[in-house]
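Asks: Predicted model and sequence follow; I will ask about them next.
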Amino acid sequence: MNVLLVDDDYFVVTALEKKIDWPSLGIEAVYTAHNVAQARDIMTNHPIHILISDIEMPQGSGLELLAWIREEKDSVQAIFLTNYADFNYAQKAIELRSFEYFLKPIQFDKLVLIIRKAIEQAKEQQKQEKAIQEGYYWQRNQAKILEHFWRKLISCSVSVPLKPAEVSRSVDEQHLSYGMNDLVQPVLFNLFPHDGSMGFDEKNLFDFALQNVLSELFQHPQFTVETVLEYSLHNWIAVLKWAQAPDAETLDELCASFIQQANRVLKCDACCIVGMSGTLESISPITRQLLQLNSDIAKRRNQIFFAEHGHRRADEAYSPPNLARLEELLERNLPNELMHEITKYLNDYSQQNHFATSVLGLFRLDMMQLVYAFLKSKGIQAHQLYTSKANERLLAQSLNSIEDMEAYLRYLVHTAMSYRDFAEQPKSVAEEIKLYIHAHYGEDLTRLSLAEVVYLHPDYLARLFKKETGVSLGTYVIRARIEAAKQLLRTTQLSVFTVAKKVGYANYSYFAKVFKQESGITPIEYKQDKTT
């Protein structure tokens, strides 16, 4: 398989040629060109399977080159590199059946994955062209039937395990080459692409890379991989069929290698749960047990669990940490010591056996109540403080693993500590409220709405503000509005009625009354005598 690199920038072509390990991708020859004419000459004289081309070039564009290729009915996989995020370029590239549209500057790790996908697509096309007469489409249909068989079996196992007779009937109906005494074993892979890996926002590319890693690692003379499918988001299941007695040591080594590759190639953490082995007729209850285990245990990242070793029951008694000690650390403003105690508790508890998710959930509830009660004692509205998207994300992920729980509690504690420090500085709180009032005097400002701005209880804010400024919140709002009204009356041609509405008074009579109380004259008199 051959590749052609086309770019008028010599350094880009050289970087692509030198920095990518082409032989490891199965590329035999790398051709280079610096304009469309050179590229056409090369393609006329050599078979090209992958094209990587710039779009904007002085002597003709990459899109024109691809249009010429398509006219020749060539099935080249085209990847465009461009500095321009132009919709028209992207649309034209799609119309010409380009494989990928990639913005510079080049990120070589992502580009290599895209090239791998293009190579797979090129190989698939070659297979299609070669195997039409050999029953290729029948083979592809059989692969889909096999995937459907396993997906249905796994999904049905969630509620009520299929009876052996149902499994046997499904095998017969699909004409699958399975015997009911075949030895099978499911393995579940948990991925944690939440910390900036491409799995978070480029899932298709991430899934492709993941399947590559699995297919490369899980090749062994003792078993075959019957299916690899995504059971739920970032949870994948592989079903192995053993040619001999299942070997736990082999699986432990393969899973350890997978975790290393996930860390290195996928740039994310992972863990593996190895299900029980058994005959095909018992695969449904075995799979159900594996899925239940995945739900019940609080996992540690980058570890391997074996179902045969057992796990804690979901209804096991919860032994809370020393909550009085944790409360003391909160009061003493020692967040690092507090997190040390939390980490120690989680480590000690999980080392005894697998940490049940239900128990982890009770621990999270205790910690939330502890922090919320602490904030309430300081006059801080916790339900207002913890409304960010970061909080929602960390809370949703907190039961995924022990590490995710630590990350959530670290956010919970440090946010509380930081805001306690802010709330205990009356001047800072009062200044923020004054700034907010002057920026929003035209809105409906109440004690409750102002308290929400700084996440404090309304009564606590009112006391703090008056103590710091010497005036009540209501009085300060009135004065700010009247000063704003005077400014508008002095410097604009707006009517008195319009000014009243702009400073937050829908009722003109009330505005006039308040204005006179504060200024000694009516707003109309003030407007007529702007020197007042």
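Replies: Okay, I see it.
Asks: From here on, just use CA atoms for contacts and neighbour counts.
Replies: Fine.
Asks: Now the strand or helix carrying residue 127: buried residues?
Replies: Using DSSP states H and E, residue 127 maps to helix 108-131. Under the neighbour-count criterion of 16 or more other CA atoms under 10 Å, helix 108-131 has 111, 113-119, 121-122, 128 buried.
Asks: Export those to CSV and append columns for pLDDT.
Replies: Conversion of the buried residues of helix 108-131 to CSV gives the following (pLDDT from 0 to 100):
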residue, pLDDT
111, 87
113, 89
114, 89
115, 89
116, 91
117, 89
118, 88
119, 89
121, 86
122, 85
128, 72
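Asks: how about the residues you listed, which pair is most distant?
Replies: Maximum pairwise distance in these, criterion CA to CA, is 25.4 Å, between 111 and 128.
Asks: Quick one: the strands in the chain, in order.
Replies: 2-6, 29-33, 50-54, 77-82, 100-103, 183-192, 223-232, 235-242, 269-274, 278-279, 297-298, 304-306, 355-356 (DSSP state E).
Asks: Could you break this protein into its assigned domains?
Replies: Residue ranges of the domains in the chain are recorded as 2-132, 150-309, 323-423, 426-528, according to automatic domain parsing.
Asks: low-confidence ranges in this structure?
Replies: In the predicted model of the chain, residues 73, 84-96, 129-140, 194-201, 310-316, 352-354, 426, 530-532 satisfy pLDDT under 70.
Asks: show me the contacts for residue 220.
Replies: For residue 220, the contact set (CA atoms under 8 Å, 6 or more residues apart in numbering) is empty.
Asks: Can you tell me how far it is from residue 229?
Replies: When distance is defined by CA to CA, to the nearest Å, residue 220 is 19 Å away from residue 229.
Asks: just residue 37 next, same as before
Replies: 45 Å.
Asks: Look at these two and report which has more neighbours.
Replies: Using other CA atoms under 10 Å as the criterion, residue 37 and residue 229 rank with residue 229 on top: 16 against 12.
Asks: That one and residue 207: what is the separation?
Replies: Counting by CA to CA, the separation of residue 229 from residue 207 is 10 Å.
Asks: same deal with residue 441?
Replies: For residue 441, the distance to residue 207 equals 52 Å [CA to CA].
Asks: Compare those two and say which is more crowded by neighbours.
Replies: Using other CA under 10 Å as the criterion, residue 441 and residue 207 rank with residue 441 on top: 21 against 17.
Asks: Residue 526 versus that one, what's the distance?
Replies: Distance, residue 441 to residue 526, by CA to CA: 20 Å.
Asks: same question, residue 509
Replies: In this view, residue 509 and residue 526 are 15 Å apart by CA to CA.
Asks: more crowded one of these two?
Replies: Neighbours per residue (other CA under 10 Å) separate residue 509 from residue 526, with residue 526 holding more: 19 against 12.
Asks: rewinding a little: taking their axis directions, the helix holding residue 127 and strand 50-54 sit at what angle?
Replies: Between the axis of helix 108-131 and that of strand 50-54 there is an angle of 140 degrees, by axes from the mean of the first three to the mean of the last three CA atoms, to 10 degrees.
Asks: quick one: residue 397 and residue 407 touch, right?
Replies: No - Residue 397 lies out of contact with residue 407 (CA atoms under 8 Å); the separation is 9.3 Å.
Asks: How about residue 42: what's its closest non-neighbour residue?
Replies: Leaving out its chain neighbours, the residue that sits closest to residue 42 by CA to CA, 6 or more residues apart in numbering is residue 31, at 7.7 Å.
Asks: give the contact list for that neighbour.
Replies: When the contact criterion is CA under 8 Å, 6+ apart, the partners of residue 31 are 2-5, 42.
Asks: out of the buried residues of helix 108-131, which one sits closest to residue 402?
Replies: Looking at the buried residues of helix 108-131 and their distance to residue 402, the nearest is residue 113, at 31.0 Å (CA to CA).
Asks: I'd like to know how far the closest one sits from residue 43.
Replies: Per CA to CA, residue 113 is found 24 Å from residue 43.
Asks: Then residue 370?
Replies: When CA to CA is the yardstick, residue 370 and residue 43 sit 70 Å from each other.
Asks: What of residue 365?
Replies: 65 Å.
Asks: More neighbours: which of those two?
Replies: Here residue 365 and residue 43 are compared on neighbour count by other CA under 10 Å; more neighbours surround residue 43, at 16 against 12.
Asks: which residues of the stretch 251-400 of the chain fall in helices?
Replies: Listed from the start of the chain, the stretch 251-400 of the chain has helices (DSSP state H, counting those that start in this stretch) covering 283-296, 323-331, 335-352, 357-377, 382-385, 389-397.
Asks: Of those, which stretch is the most buried?
Replies: Among those, the stretch with the highest mean neighbour count (mean count of other CA atoms under 10 Å) is helix 283-296, at a mean of 21.
Asks: What is that helix packed up against?
Replies: Of the remaining helices and strands, those touching helix 283-296 by 3 or more CA pairs under 8 Å, 6 or more residues apart in numbering; DSSP states H and E are helix 136-156, strand 183-192, strand 269-274, helix 357-377.
Asks: which outside residues touch the last one?
Replies: Going back to what we said before, that points to helix 357-377. Counting by CA under 8 Å, 6+ apart, helix 357-377 makes contact with 295-298, 314-318, 320, 323, 327, 330-331, 381-382, 399, 405, 409, 412-413, 416, 420, all of which sit outside it.
Asks: rerun that using 6 Å as the cut-off
Replies: Contacts of helix 357-377 with the rest of the structure, by CA atoms under 6 Å, 6 or more residues apart in numbering, involve 296-298, 318, 382.
Asks: can you check the third one too?
Replies: The list of residues contacting strand 269-274 from outside it, by CA under 6 Å, 6+ apart, reads 187-192, 259, 263, 301-307.
Asks: Please pick the buried ones from the residues you listed.
Replies: Neighbour-count burial (16+ other CA under 10 Å) applied to the contacts of strand 269-274 gives 187-192, 259, 301-302, 304-307.
Asks: Pick out the most distant pair among these.
Replies: Within those, 192 and 307 form the most distant pair, 20.6 Å apart (CA to CA).
Asks: Rebuild the helices and strands packed on helix 283-296 as TSV, extending it with distance to residue 242.
Replies: Rendered in TSV, the data for these read as follows (distance: least, CA to CA, whole Å):
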stretch	distance to residue 242
helix 136-156	16
strand 183-192	5
strand 269-274	14
helix 357-377	32
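Asks: Residue 171 is nearest to which of those?
Replies: Each of those was scored for nearness to residue 171 using CA to CA, and the closest is helix 136-156 (8.0 Å).
Asks: one step back: just put the helices of the stretch 251-400 of the chain in CSV and tack on distance to residue 482.
Replies: Conversion of the helices of the stretch 251-400 of the chain to CSV gives the following (distance: least, CA to CA, whole Å):
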stretch, distance to residue 482
helix 283-296, 61
helix 323-331, 42
helix 335-352, 45
helix 357-377, 35
helix 382-385, 30
helix 389-397, 38
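Asks: Which one of those helices lies nearest to residue 491?
Replies: Counting by CA to CA, residue 491 lies closest to helix 382-385 out of the helices of the stretch 251-400 of the chain; the figure is 38.8 Å.
Asks: and the gap between the closest residue to residue 82 other than its chain neighbours and residue 416?
Replies: Beyond its immediate neighbours in the sequence, the residue positioned closest to residue 82 (CA to CA, 6+ apart) is residue 103, lying 5.1 Å away. In this structure, residue 103 and residue 416 are separated by 41 Å, where distance is defined by CA to CA.
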